[in-house]
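Participant: Fold the stuff below for me.
(chains A and B)
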Protein chains: 2
Amino acid sequence: MQYELYYWPTIQGRGEFVRLALEEGGADYVDVARGKEDDGRGIPAVMRILNGEDITTPPFAPPFLKAGKLIIAQTANILLYLGPRLDLAPTSEAGRIWTHQLQLGFTDFVLEAHDTHHPISNALYYEEQIPEAKRRTNLFLKNRVPKHLGYLERVIERNTRANGGGKGHLVGATVTYPDLSLFQMVEGLRYAFPKAMERIEKNYPRVVELHDKVAKRPRIKAYLKSKRRIPFNEKGIFRRYPELDA
Amino acid sequence: MQYELYYWPTIQGRGEFVRLALEEGGADYVDVARGKEDDGRGIPAVMRILNGEDITTPPFAPPFLKAGKLIIAQTANILLYLGPRLDLAPTSEAGRIWTHQLQLGFTDFVLEAHDTHHPISNALYYEEQIPEAKRRTNLFLKNRVPKHLGYLERVIERNTRANGGGKGHLVGATVTYPDLSLFQMVEGLRYAFPKAMERIEKNYPRVVELHDKVAKRPRIKAYLKSKRRIPFNEKGIFRRYPELDA
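Facilitator: Next up, the predicted model:
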């Protein structure tokens, strides 16, 4: 089956967590909004589903995935569906629940990272909330990044212990979709806060090691070099505003 | 099986979405942190799991549910697990995915409601971020509440149409766990923003009707009258600060 990913075409955003899973899983997929309108793709194709009166299960927002007749929205929900199908999650119920639980932690972490530059509202420009953004980012870097990375470090450590050592993944002895999200989270934080991350990430060696391990996987490596990978920019979740990087 | 819910004992918070499902489902459960320390319950029982070095799948934060050997965290993940077991979700994969997708929308909505009074950081008191809270709440009530309630209204409308009319639920023709969360969300918004909600909710008659329908269900009605239901207060997600209710 060919999967259809619907997400904004000019940013990594939340869609990137799905793109990484589709790429690592070697899935046959189309990034619909990045196609041509003449071919029935582009942003109008996204809007047709978002606004379509005939859709019984409408998404609240992109990203969403079309898989045959199914339309699945919410990043973590898409990954819950794709995980076992792309061999990126355990098949047991307990394993799937745990993997999804970790992913929902990334959902929270991603939103917290986003709100550093939009603490008041998405309806305002960044330039209309800079003092608030500075205050929020300061405490995000001081409290929240260490809390999230510390948690991930602990999970890798315990999982490695449970699996007889040496593997360094979040779940089991192979790559699963939260490993890919960890990679993306570290990439994003490094992009947005290069100075702060250089200081912070030293304390989480297992997290950094897992990030590096994911970066070296052949399909991820090829993807990151390709034009399919949209560069970071100041429209997405992770934005480089030097005044916030303290 | 007796379920064990682990959540802070003095607030409704995120745990309430799980409590409502356990109550409506007639589940045998213990609200562990509300028990006595002498019986091995209370907050120390929560901390033992949060900080236990021997837990291979540690929760990031409460709420979490113990179901036999499983420890499941993240509100929406707990409901994903409980849904089919308590007859509060469809059993088909497509139905379960859609129900979970709606619940993840509530996860977002709840966090947005929380951040109205804590737009800068949880590490600061409300009193340290009042001007920011006023700015954020104003746009939350103007943009986000209508967006979320408008979406829920649309889902109820389309689902009712698909089910031959007259049912008014979010999923299918019977109550599912997102219906319970819709009830809680409306209750919380009315508590926090009585003036604003009186004005806003008129535009979403199907949402209000579904709220009322849930409130009248015998088990929910009995629960709301019982001491098991913790009253709203200014420590939880929904807080009544009159200066924010505009």
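Participant: helix or strand right after the lengthiest helix in chain A?
Facilitator: For chain A, the helix that runs over the most residues, judged by DSSP state H, is helix A:93-115. Using DSSP states H and E, the helix or strand that follows helix A:93-115 towards the C-terminus is helix A:130-139.
Participant: hang on, the earlier thing: what residues of the longest helix of chain A count as buried?
Facilitator: Residues A:94-115 are the ones in helix A:93-115 that count as buried (16 or more other CB atoms under 10 Å in any protein chain shown). Yep, even glycine has a C-beta here, placed from its N, CA and C like the rest.
Participant: and chain B, which of the residues you listed contact it?
Facilitator: A:94, A:97-98, A:100-101, A:104-105, A:107-108, A:111, A:115 (CB under 8 Å from any CB of the partner chain).
Participant: B:Pro218: which of these is nearest?
Facilitator: The closest of those to B:Pro218 turns out to be A:Ile97 (CB to CB; 30.5 Å).
Participant: Surely that closest one touches B:Ile72?
Facilitator: Yes - at 5.7 Å, A:Ile97 counts as touching B:Ile72 under the criterion of CB atoms under 8 Å.
Participant: ranges for the strands of chain A?
Facilitator: A:3-6, A:29-31, A:64-67, A:70-73 (DSSP state E).
Participant: got the domain boundaries for chain A?
Facilitator: As given by automatic domain parsing, the domain ranges for chain A are A:3-85, A:93-217.
Participant: how about these in a markdown table, adding mean pLDDT?
Facilitator: Below are these laid out as a markdown table (pLDDT from 0 to 100):
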| stretch | mean pLDDT |
| --- | --- |
| domain A:3-85 | 97 |
| domain A:93-217 | 96 |
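Participant: for the longest helix of chain A, packing partners?
Facilitator: Contacts defined by 3 or more CB pairs under 8 Å, 6 or more residues apart in numbering or on different chains; DSSP states H and E place helix A:93-115 against helix A:75-85, helix A:145-162, helix A:177-192, strand B:70-73, helix B:75-85, helix B:93-115.
Participant: So what touches the fourth one?
Facilitator: The reference is to strand B:70-73. When contacts are defined by CB atoms under 8 Å, 6 or more residues apart in numbering or on different chains, strand B:70-73 is touched by residues A:94, A:97, A:101, B:49, B:55, B:57-66, B:78, B:81.
Participant: go on, the fifth one?
Facilitator: Taking contacts as CB under 8 Å, 6+ apart, the residues outside helix B:75-85 that touch it are A:97, A:100-101, A:104, B:3, B:14-15, B:17-18, B:21-22, B:25, B:27, B:63-65, B:67, B:70, B:72, B:88-91, B:96, B:99-100, B:103-104, B:106-107, B:176-177, B:181.
Participant: returning to what we had before: whichever of the contacts of strand B:70-73 end up buried, select them in ChimeraX.
Facilitator: Buried subset of those, written as a ChimeraX selection, criterion 16+ other CB under 10 Å:
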select /A:94,97,101 /B:49,57,58,59,60,62,63,64,65,66,78,81
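Participant: any idea how far the residue lying closest to A:Glu4 once chain neighbours are set aside is from chain B?
Facilitator: Nearest residue to A:Glu4, sequence neighbours excluded (CB to CB, 6 or more residues apart in numbering or on different chains): A:Lys66, at 4.0 Å. Applying CB to the nearest CB, to the nearest Å, the value for A:Lys66 to chain B is 13 Å.
Participant: what about A:Glu128, neighbour count?
Facilitator: 13 (other CB atoms under 10 Å in any protein chain shown).
Participant: and the residue lying closest to it once chain neighbours are set aside, what does it touch?
Facilitator: The spatially closest residue to A:Glu128, leaving aside those adjacent along the chain, is A:Ile120, at 7.6 Å (CB to CB, 6+ apart). Contact analysis of A:Ile120 by CB under 8 Å, 6+ apart lists A:128-129, A:132, B:119, B:132, B:135-136, B:139.
Participant: Which pair in these has the greatest spatial separation?
Facilitator: Once CB to CB is applied, the contacts of A:Ile120 give A:Glu128 and B:Pro119 as the farthest pair, at 13.7 Å.
Participant: thinking again about what came up before, please find the angle between the direction vectors of the longest helix of chain A and helix B:75-85.
Facilitator: Helix A:93-115 runs at 150 degrees relative to helix B:75-85, counting by axes from the mean of the first three to the mean of the last three CA atoms, to 10 degrees.
Participant: Helix A:177-192 and helix A:93-115, what's the angle between them?
Facilitator: Interaxial angle of helix A:93-115 relative to helix A:177-192 (the same axes, to 10 degrees): 10 degrees.
Participant: Tell me the pLDDT of A:Ala246.
Facilitator: Note for A:Ala246: predicted pLDDT of 87.
Participant: count of neighbours near A:Leu50?
Facilitator: Burial of A:Leu50 is recorded as 16 neighbouring residues (other CB under 10 Å).
Participant: List the single closest residue to it in space, sequence neighbours excluded.
Facilitator: Of all residues not flanking A:Leu50 in the chain, A:Pro59 sits nearest, at 6.4 Å (CB to CB, 6+ apart).
Participant: Tell me who's in contact with the one you found.
Facilitator: A:6, A:49-50, A:71, A:73, B:101.
Participant: Any chance of TSV for these, columns distance to A:His211?
Facilitator: Below are those laid out as TSV (distance: CB to CB, whole Å):
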residue	distance to A:His211
A:Tyr6	28
A:Ile49	34
A:Leu50	33
A:Ile71	32
A:Ala73	27
B:Gln101	29
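Participant: Looking at these, which one is closest to B:Lys202?
Facilitator: Each of the contacts of A:Pro59 was checked against B:Lys202 using CB to CB; the closest is A:Leu50, at 25.3 Å.
Participant: what number of residues lie near A:Glu157?
Facilitator: Look at A:Glu157: counted by other CB under 10 Å, it has 13 neighbours.
Participant: likewise the one 5 residues further on?
Facilitator: Counted by other CB under 10 Å, the residues lying close to A:Ala162 total 13.
Participant: How many neighbouring residues does the closest residue to it other than its chain neighbours have?
Facilitator: Nearest residue to A:Ala162, sequence neighbours excluded (CB to CB, 6+ apart): B:Thr56, at 5.1 Å. B:Thr56: 13 surrounding residues under other CB under 10 Å.
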